[in-house]
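> Mind folding the following:
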Amino acid sequence: MKPSEIPENVQPSPRLYLLDGSSYIYRAYYGFRDIATADGMATNAIFGFTRMLLGLLQENRPEYLTVIFDPPREETFRREIYPEYKANREAMPEDLATQIPYIKSVLQALNIPALEAPGFEADDVIATLARRYATADLQVTVVTGDKDLMQIVDDSIDLLDTMKNKRSGPQEVLDRFGVPPELVPDVLGLAGDTSDNIPGVPGIGEKTAAELVRRFGSLEDVLKWKHLVSGKKRKENLHTHSDQARLSKTLATVRYDVNIEVALADLQRQTPNLAELIPLLRKLEFESLEIAFTPPAPGVVELYSDGSGRDSGPGGYGVVLRYGAHEKELSGFEPVSTSQRMELTAAIRGLEALNNPSNVRVFSDSQYLVKGMSQWIQGWIRSDRLETPDALANQDLWKQLAVLAEKHEIIWEWVRGHAGQPFNERCDKLAKRAAEEGIQAAEAASQPEGTSTTQARVSLPVEPIKQAPIPVREDSEFDIDEEGQLRLC
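Below you'll find the model as predicted:
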């Protein structure tokens, strides 16, 4: 069932997110380079890990979350039964090793549990916890880019690759390996895995391995009926390397029996310990991340906005509102607009969502918006340009902004676009996503019944921009708590 098809009175099941910490660390280390403190301490892995973790928290808002780490590879049971396991991997770079304690300190300050089990890899701990807690009432998402964990996927467990923004369920595993999740170790046992130095059977790759497993049902049955396998050399290799194939399957199979004592309640998301977190971020000189985790000043609403569009084409807007510890996202689509109009629309949508007169700081990377509202608007009002027909481009939107601005105490602030400002980039992503989804929905609606949108792409009609007020969407309004303050969540 697609999200749009879920009845309004049915709430989605809460989710436990199990994050493969070692995978995230290496992705951060190689994905964010040349970041260091003023005195030369490398911080690229710490910054990348924290930045990626922040994105996960903002995008998915997990109810439960933990990060799982690998012990030293020499201290795992797989290394004991096969000393060459992962022996092809280089030692951890020295400048990465020095950053690991800081990464764990960030997690501690964020009140996110970090788990590790002696003798077992992170994959085994993840599989154990996923199997333990996955139910119809609690979905489990494993955050990783590791294909080995595809074997644990089922209707209650999926994988999320945040680098590719891709979720993998049973069908995606079938598409990737050609077999259902429970048979992935059989395929890897026959084909091996060069990244983990698992040998497999010489001459058999993943495609052939999948074909054999589909035909015979398992690695053991492939070996049992190897005389029915085509190809003289392939039969010989299956016979000669049968024990190696069984060992390879054992190495590739995750364990579900790790003795790790952690209650689900211990994994429930908690608010960060700002007294510990902010000094740590300052020590590491992570100004943009400090902004992301620092709540607005008491009594102040922070409004971040951005628009995405092109001349007389489809456009989207994104807004993030922050008040105290609360946040709210807004986004939307216009079939015909311009980039400037979407920038103004974003600010309008954000201000319309405020129920009470407020002290507001509006942040935008649009100088057109910020200069218009902080420098030009009073001159336009004095010269009657807001009221004289066609005296001003986007006159209808400037008029709405002028009316809305009268209700609040507003400071308009420009931020440089794509300069690492976390909320500006978040709004940009919301705006682009809204535009893309709007375009896809419009194209799907314009297709003849039974026609796939991949077969033909229909351009949206270009119409004159309507100079009509933008209505307030009811779902963009916030409730008010007993003290008359905004309730953003």
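
> Give me the neighbour count for residue 435.
27 (other C-beta atoms under 10 Å). Just so you know, the C-beta spots here come from the backbone N, C-alpha and C atoms, and that holds for glycine as well.

> Excluding covalently adjacent residues, which one is nearest to it?
Computed as C-beta to C-beta, 6 or more residues apart in numbering, the closest residue to residue 435 that is not its neighbour in sequence is residue 316, at 3.3 Å.

> where does that neighbour land in three-state SS?
Secondary structure assignment for residue 316 (DSSP: H, G, I helix; E, B strand; the rest coil): strand.

> partner residues bridging it?
residue 308, residue 333 (DSSP bridges).

> What is the burial count for it?
For residue 316, the neighbour count with other C-beta under 10 Å is 27.

> correct me, but it touches residue 431?
Yes - proximity of residue 316 to residue 431 meets the contact threshold set by C-beta atoms under 8 Å, at 4.4 Å.

> joint contacts of these two?
Jointly contacting residue 316 and residue 431 under the rule C-beta atoms under 8 Å, 6 or more residues apart in numbering are 307-308, 331, 342.

> of these, the lowest pLDDT goes to which?
Lowest pLDDT among the shared contacts of residue 316 and residue 431: residue 308, with 86.

> what about that one, neighbour count?
26.

> What's the separation between it and residue 371?
20 Å (C-beta to C-beta, to the nearest Å).

> that older thread, let me know the pLDDT of the residue nearest to residue 435.
For residue 316, the predicted pLDDT is 93.

> measure it to residue 341 for me?
11 Å.

> list residues touching both of these two?
Common neighbours of residue 316 and residue 341 (C-beta under 8 Å, 6+ apart) are 307, 309, 334.

> Against which helices or strands is the top helix by length along the chain packed?
As assigned by DSSP state H, the longest helix anywhere in the chain is helix 422-446. Secondary-structure packing of helix 422-446 (3 or more C-beta pairs under 8 Å, 6 or more residues apart in numbering; DSSP states H and E): helix 44-60, helix 287-293, strand 300-308, strand 313-323, strand 326-337, helix 339-352, strand 359-364.

> Which among those is found nearest to residue 404?
Residue 404 lies closest to helix 339-352 among the helices and strands packed on helix 422-446, at 4.2 Å (C-beta to C-beta).

> For the residue lying closest to residue 434 once chain neighbours are set aside, give its distance to residue 162.
Once flanking residues are discounted, residue 434 sits nearest to residue 316: 3.3 Å by C-beta to C-beta, 6+ apart. Distance check for residue 316 against residue 162: by C-beta to C-beta, it reads 21 Å.

> Could you do residue 24 as well?
Separation of residue 24 from residue 162 (C-beta to C-beta): 9 Å.

> next one: residue 288
Relative to residue 162, residue 288 is positioned 18 Å away (C-beta to C-beta).

> just residue 139 next, same as before
17 Å.

> those helices in the stretch 351-489 of the chain, which residues are they?
In the stretch 351-489 of the chain, the segments counted as helices under DSSP state H, counting those that start in this stretch are 367-371, 377-382, 395-405, 422-446.

> ok, of those helices, where does mean pLDDT dip lowest?
Lowest mean pLDDT within these: helix 422-446, a mean of 86.

> what number of residues lie near the nearest residue to residue 438 once chain neighbours are set aside?
Once flanking residues are discounted, residue 438 sits nearest to residue 333: 2.9 Å by C-beta to C-beta, 6+ apart. Residues lying near residue 333 (other C-beta under 10 Å) number 22.

> who's in contact with residue 366?
The contact partners of residue 366, by C-beta under 8 Å, 6+ apart, come to 306-307, 340, 343, 414.

> Residue 209 too?
Contacts here follow C-beta under 8 Å, 6+ apart; on that basis residue 209 touches 186-191, 200.

> Just to be sure, which of these are found in helices?
Per DSSP H, the subset of those in helices is 186-191.

> picking up where we left off before, may I see the helices and strands packed on helix 422-446 arranged in a markdown table, with distance to residue 271 as well?
Output for these, formatted as a markdown table (distance: least, C-beta to C-beta, whole Å):
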| stretch | distance to residue 271 |
| --- | --- |
| helix 44-60 | 11 |
| helix 287-293 | 10 |
| strand 300-308 | 18 |
| strand 313-323 | 14 |
| strand 326-337 | 11 |
| helix 339-352 | 24 |
| strand 359-364 | 22 |
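
> closest to residue 252 out of these?
helix 44-60 (26.7 Å).

> Name the surrounding residues that touch the closest one.
By C-beta under 8 Å, 6+ apart, helix 44-60 touches 15, 17, 19, 24-25, 27-29, 31-36, 62, 65, 96, 99-100, 102-103, 106, 110, 112, 141, 143, 160, 162, 284, 286, 289, 292-293, 422, 426.

> Where do the strands of this structure begin and end?
Listed in chain order, the strands of the chain (DSSP state E) span residues 15-20, 64-68, 114-115, 139-143, 157-161, 166-168, 300-308, 313-323, 326-337, 359-364, 409-414, 479-480, 486-487.

> any idea of the angle the second one forms with helix 44-60?
Between the axis of strand 64-68 and that of helix 44-60 there is an angle of 160 degrees, by axes from the mean of the first three to the mean of the last three C-alpha atoms, to 10 degrees.

> packing partners for strand 64-68?
Using 3+ C-beta pairs under 8 Å, 6+ apart: strand 64-68 touches strand 15-20, helix 21-31, strand 114-115, helix 122-133.

> most tightly surrounded among the ones you listed?
Most buried of these by mean neighbour count (mean count of other C-beta atoms under 10 Å) is strand 15-20; its value is a mean of 24.

> can you state the direction angle for it and strand 157-161?
50 degrees.

> Run through the residues that contact the nearest residue to residue 226 once chain neighbours are set aside.
Spatial nearest neighbour of residue 226, chain neighbours left out: residue 238 (4.2 Å); criterion: C-beta to C-beta, 6+ apart. Residues near residue 238 by C-beta under 8 Å, 6+ apart: 201, 204, 222-223, 226, 229, 245.

> between those, which is nearest residue 274?
Nearest to residue 274 among those is residue 245, at 53.2 Å by C-beta to C-beta.

> okay, now the closest one: neighbour count?
Residue 245: 25 neighbours (other C-beta under 10 Å).

> Return the distance of it relative to residue 88.
Taking C-beta to C-beta, one finds residue 245 at 19 Å from residue 88.

> Kindly report the same for residue 372.
According to C-beta to C-beta, residue 372 and residue 88 sit 59 Å apart.

> sorry, back to before: and the helices of the stretch 351-489 of the chain as JSON lines, adding distance to residue 166?
As requested, those are exported to JSON lines (distance: least, C-beta to C-beta, whole Å):
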{"stretch": "helix 367-371", "distance to residue 166": "34"}
{"stretch": "helix 377-382", "distance to residue 166": "44"}
{"stretch": "helix 395-405", "distance to residue 166": "37"}
{"stretch": "helix 422-446", "distance to residue 166": "15"}
